[in-house]
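Asks: Here is my input; please provide its structure:
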Amino acid sequence: MKGHAVIFTDRLKVEYMPVTIPEPGPDDVVVDTRFSWISNGTEGSFLRGERINGETPYREGDPWPFPIAAGYQSTGIVTAAGANVASLAPGEWVFSALGRIEGMYEPAGGHISPKVCHKSQIWKLPQGLSPVAASGLVLTQVGYNCGTRPPVRVGDKALVIGDGMVGHWSAQTLEWRGAEVMLAGKHDERLAMFSETHGGKRLNIAKNDLKTQVNTWAPEGIQVLVDTVGSIDTILACRPLCRHNGHIVSAGFYGTESLLDVQQVRFGELTLHTPSGWQQQRMDDTLALIAAGHLQTLPLITHHFPAARAADAWELIVKRTKPVLGVILDWE
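Replies: Predicted coordinates for the structure are as follows:
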């Protein structure tokens, strides 16, 4: 089967190109991709050659992970379903995670059309839900995973480091659970996307001292610290802000700089959570929260590009010539 995909052909080189896709089997679904959501952090680290698979950083001597089909999330319309797929029919809108592809470093990717996916990689969209809103479901689920890992009581204070998409969805999830959240980042335009209507706070740490502001906001300490930027130094610097028996959620990609001083974490009897990847139940729960309006995705989208202009989208993300956060590739 022939199709098109967004391919990282080398470090910092992006092409929209024709590709070969395996023929579908009885457990597969074929999807005509309409919208795919770029994961700036994860995909960016592949593009820069910083990792060779989901949780494995590149080390000298490793093979470069190129060419590789970028991404892992999109929405589209079912065009065919295998004999063992009873729950889907042509014409239905679905979210799809990884689709298969030939001739690449990894045999799967996300920014592909048509997309041949195993039925386990497919989620039917609820009636009336915008397919654009659901097109970043895996990444939204990462934020949901971060926000649901630590025990939280109503009114607990939670500090989320990072104003990227995972930071926003972590903060939204914690608010949904009843926590009061401070979202800390370095971009005013991103921080402005986080509402302060439920006791939340926004903090630009490029302009304000983090410890001073947190101590004023939470004089008894924070119950939850979520790091979405991938900084061990930030975790250790914020550790004294945590309450006794508090919780640290580590969600960034740390590359080869991932050594954590466990003795410091033990001080205060803190619990460390290390969410990763996606699972069926978490995806189901996340999709339900998007459909119910508890997790907001559309407000985080700043740009749309035709899929054929994926290289331009990545130039914007890498060079940041304009403020950018959520970027959608349109395949119609």
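Asks: only C-alpha atoms for contact and neighbour calcs from this point on.
Replies: Noted.
Asks: Doesn't residue 181 belong to a helix?
Replies: No. Counting by DSSP: H, G, I helix; E, B strand; the rest coil, residue 181 is not found in a helix; it is strand.
Asks: what's across from it in the sheet?
Replies: Legend: beta-bridge partners of residue 181 under DSSP bridges are residue 158.
Asks: who's in contact with it?
Replies: Going by Cα atoms under 8 Å, 6 or more residues apart in numbering, residue 181 touches 157-160, 171, 174-175, 199-201.
Asks: and residue 252, helix, strand or coil?
Replies: Residue 252 - assigned by three-state DSSP - is coil.
Asks: The closest residue to it other than its chain neighbours in helix, strand or coil?
Replies: Setting aside the residues directly before and after it, residue 252 is nearest to residue 230 in space (Cα to Cα, 6 or more residues apart in numbering), at 3.6 Å. Here residue 230 is recorded as coil under three-state DSSP.
Asks: and residue 230, how far is that from residue 242?
Replies: Noted for residue 230: a distance of 18 Å to residue 242, by Cα to Cα, to the nearest Å.
Asks: Out of the contacts of residue 181, which end up buried?
Replies: Of all the contacts of residue 181 considered here, the ones buried according to neighbour count by 16 or more other Cα atoms under 10 Å are 157-160, 171, 174-175, 200-201.
Asks: For the most centrally placed residue in the chain, give me its contacts.
Replies: Centrality entry for the chain: nearest residue to the mean C-alpha point is residue 139, 2.6 Å, by Cα atoms, centre = their mean. Contact analysis of residue 139 by Cα under 8 Å, 6+ apart lists 39, 165-166.
Asks: which residues in the stretch 101-250 of the chain form strands?
Replies: Assigned by DSSP state E, counting those that start in this stretch, the stretch 101-250 of the chain shows strands spanning 108-109, 112-113, 115-118, 122-124, 157-161, 180-185, 201-204, 222-227, 242-250.
Asks: still on that earlier bit, any idea which of the buried ones among the contacts of residue 181 the model trusts least?
Replies: Among the buried ones among the contacts of residue 181, residue 200 has the lowest pLDDT, at 88.
Asks: How about the contacts made by that residue?
Replies: Residue 200 neighbours (Cα under 8 Å, 6+ apart): 175, 180-183.
Asks: Same question for residue 301.
Replies: Contact analysis of residue 301 by Cα under 8 Å, 6+ apart lists 325-328.
Asks: any idea how far residue 230 is from it?
Replies: Residue 301 is 22 Å from residue 230, by Cα to Cα.
Asks: List of residues touching stretch 10-23?
Replies: Identification of contacts with stretch 10-23 by Cα under 8 Å, 6+ apart yields 1-9, 47-49, 66-67, 100-103, 115-116, 307-311, 314.
Asks: Just the buried ones from those?
Replies: By neighbour count, with 16+ other Cα under 10 Å, those hold 4-9, 47, 49, 66-67, 100-101, 115-116, 307-311, 314 as buried.
Asks: from these, which ones fall inside helices?
Replies: 47, 310-311, 314 (DSSP state H).
Asks: In these, find the pair that's most separated.
Replies: Farthest-apart pair in those is 47 and 310; separation 12.6 Å (Cα to Cα).
Asks: so where's the stretch 201-332 of the chain uncertain?
Replies: By pLDDT under 70, the stretch 201-332 of the chain has no low-scoring segment.
Asks: what's near enough to touch the spatially closest residue to residue 156 that is not a sequence neighbour?
Replies: Distances taken as Cα to Cα, 6+ apart put residue 179 closest to residue 156, at 4.9 Å, once the chain neighbours are dropped. Contact analysis of residue 179 by Cα under 8 Å, 6+ apart lists 152-158.
Asks: Of the residues you listed, keep whichever come out buried.
Replies: For those, buried by 16+ other Cα under 10 Å: 152, 156-158.
Asks: For the host helix or strand of residue 78, give the mean pLDDT please.
Replies: In this assignment (DSSP states H and E), residue 78 forms part of strand 74-81. On average, the pLDDT along strand 74-81 is 98.
Asks: Give me the contact list for it.
Replies: Residues from elsewhere that reach strand 74-81 (Cα under 8 Å, 6+ apart): 26-37, 88-97, 110-111, 131-132, 134-136.
Asks: Any idea how far that strand is from the middle of the chain?
Replies: Distance of strand 74-81 from its chain centroid, counting by Cα atoms, centre = their mean, to the nearest Å, is 22 Å.
Asks: Identify the bridge partners of the closest residue in space to residue 235 that isn't next to it in sequence.
Replies: Sequence neighbours aside, residue 227 is the residue nearest to residue 235 in space, at 6.8 Å (criterion: Cα to Cα, 6+ apart). With DSSP bridges as the criterion, residue 227 is bridged to residue 161, residue 250.
Asks: Roughly how far does residue 227 sit from residue 113?
Replies: Using Cα to Cα, we find residue 227 at a distance of 34 Å from residue 113.
Asks: Many thanks, I have nothing further to ask.
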